[in-house]
Structures are given as C-alpha cells and as structure tokens.
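**Student:** next come a sequence and a model predicted from it.
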Amino acid sequence: MAQREMMADMHMRAAQENPFKHWLGQNRITLGFWNALANPMLAEIVAEHPGFEWMLFDTEHAPNDIQSLIAQLQAIRFSGKPAVGRPVQNHPAEIKRLLDIGFRNLLIPNVQTVEEAKQAVAATRYPPDGTRGVSAYHRNNGYGRVTDYFQFINQSIGVVVQIESAQAVERMEQIGGVEGVDALFVGPGDLAADLGYLGQIRHPEVQAVLQEIGRRARNAGIALGITSHGIDDVERYVNWGYRFFTMSSDVVLFRQAVAQLSDLATEFGARAKD
C-alpha cells in the first residue's frame, strides 16, 4: 500500500511540474532540439546530452503519429527533459490527443490572429476555462493515478504559438498578449516564403524582419523563440531579443554526417582504383 501511494505521489508531482513553462515565464535563454525522424532510439540518444534542455517533437512536417510519439516520450522519460509537441494544425482534436499522451507543452503552428490564439489556448484547458475533451484515464494523468489532475492541469500546460506570416507579425503583440499564451515562436521558413523569399531565410530583408520581431517582443515583454542552425544563429538571435531555440534537428545532423562519410568513401574509392 505504501509503495502504491508513493507511486501515485510521484506521478502527481511529475504532472504538476513544468520547467519549460517556468523558463518561458523567466524569459530565460534555453536551447532545445528538434526531433522529426520518429525514432525513439534517436530521441533517447539526444536526451542523454546535457546541452539540450528540452526536446521538440514534430507532427506537422514529420512522419510522427500517436504511437511513435508515445514511444519517444517513453524513451526520454527518465532524462528529465521537458517535451514540446507540435500538432499538425491548430485543431482541438489534434491538441487533445497530444495532451492525453503526455505532452504538457505545445507549439501551435501558423497562428495568425488573436482569435486563433484564443482557440489554441481553449483547446488545452478543461471547462469552464476551455474546451478540452475529458478523459479520466490517459497517459498524462498516470492512467487515473493522479487523482487531482483536473484541479491543477489547466495552469500547468505551456502554450507557444508560431508566428509564420507577415499578417501574424503585424499582430504579434496582440497575439502574444492573449491570456494563456506563454510565448511566441517564429517559423522563419514560412515567414520568408510569405515575404516573397521562399527558401531564403538568410536574405537581408528576412533577417531585418526577424530583428524587428525581436525588438518588438523585447519591448512588449513577450518570450520569443526561433529555430536555429548553429551557435552563430543563436548568438545573433539572442542579441535581437530571442530567448529560446531549437539547435538544429535529427534530420539535418544525420544528413550532414552521412554526406561527410559519403565524401570520404568516394575519395577512398577513387584512390583505391588508382
């Protein structure tokens, strides 16, 4: 009986704690990692490295589904690293499923208006604060072991909304000011495309807009994040007012490593034929 009570208490504490949401409230600089290859062993390898404080799992542009996400959450469970899930779209059913399987932080794609931001927040809250569908037995409440889950969970979910268009940039202070929105996160690829520079994130015009977003977020006291591809990006964005980052992704790193190894193999093959 004592062991059962201890396990219930452990699940309760784990469910209540959300360090990622706390960091956003502190406007703290923190680095994460983008996971898109839907592989629990790769996620586990990343989670073993202390430089990445949190991990993002994508479903919008990655082949992740509910089963692969559960496996990855299980793989990193004992690392202590907060997990952030990105649903396919800003839809209550998509959001509900990610919350039920264990995510307590969500990155909502392509939010362009205050109303869309309010919709995203509402989907993460149980009534009367929101519209999240109710289940008493799911992974996020320890399959029912966290008996006071409904009492605290509305305040324990972190909501980050993505700014990915010129329209969203125009309204970013209003979107970031929606109650329940903890931070904004710039999607530079989609933003560049919307600005007329498809595939040109580093174009001077795009970079100028990113710098302006950082200035405005800092002035408004809004926690701001962005994807990055190396420490040089991070240092530049920090100077502009950004505070949390994904440091590359499993896709990019694996592709780069394979390309380097392939070049060595090609070079060796050419020498061996001489």
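**Tutor:** Cool, the structure landed.
**Student:** show me where pLDDT drops low in this structure?
**Tutor:** 1-16 (pLDDT under 70).
**Student:** report the backbone C-alpha coordinates of stretch 255-266 in CSV.
**Tutor:** Taking Å, rounded to 0.1, in the frame of the first residue of the first chain, the C-alpha atoms of stretch 255-266 are listed here in CSV:
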residue,chain,number,x,y,z
ARG,A,255,22.0,14.2,-43.4
GLN,A,256,25.3,16.1,-42.8
ALA,A,257,27.0,13.2,-41.1
VAL,A,258,26.0,10.8,-44.0
ALA,A,259,27.1,13.4,-46.6
GLN,A,260,30.6,13.7,-44.9
LEU,A,261,31.0,10.0,-44.6
SER,A,262,29.9,9.5,-48.3
ASP,A,263,32.5,12.1,-49.4
LEU,A,264,35.2,10.2,-47.6
ALA,A,265,34.0,6.9,-49.1
THR,A,266,34.0,8.4,-52.6
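**Student:** how far out from the middle of the chain is it?
**Tutor:** Here stretch 255-266 is found 29 Å from its chain centre; the criterion is Cα atoms, centre = their mean, to the nearest Å.
**Student:** again, but for stretch 263-273
**Tutor:** On Cα atoms, centre = their mean, the centre of stretch 263-273 falls 41 Å from that of its chain.
**Student:** then stretch 84-104?
**Tutor:** On Cα atoms, centre = their mean, the centre of stretch 84-104 falls 11 Å from the chain's centre.
**Student:** do the same with stretch 199-219
**Tutor:** That offset, for stretch 199-219, works out to 20 Å (Cα atoms, centre = their mean).
**Student:** all the strands of the stretch 51-200 of the chain, in order from the start?
**Tutor:** 54-58, 83-86, 105-108, 158-163, 183-186 (DSSP state E, counting those that start in this stretch).
**Student:** with mean neighbour count and distance to residue 123 added, can I get those in JSON lines?
**Tutor:** Every residue, glycine included, has its C-beta placed from N, CA and C. Putting the strands of the stretch 51-200 of the chain into JSON lines (neighbours: other Cβ atoms under 10 Å; distance: least, Cβ to Cβ, whole Å) gives the following:
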{"stretch": "strand 54-58", "mean neighbour count": "22", "distance to residue 123": "18"}
{"stretch": "strand 83-86", "mean neighbour count": "26", "distance to residue 123": "13"}
{"stretch": "strand 105-108", "mean neighbour count": "25", "distance to residue 123": "9"}
{"stretch": "strand 158-163", "mean neighbour count": "26", "distance to residue 123": "9"}
{"stretch": "strand 183-186", "mean neighbour count": "25", "distance to residue 123": "17"}
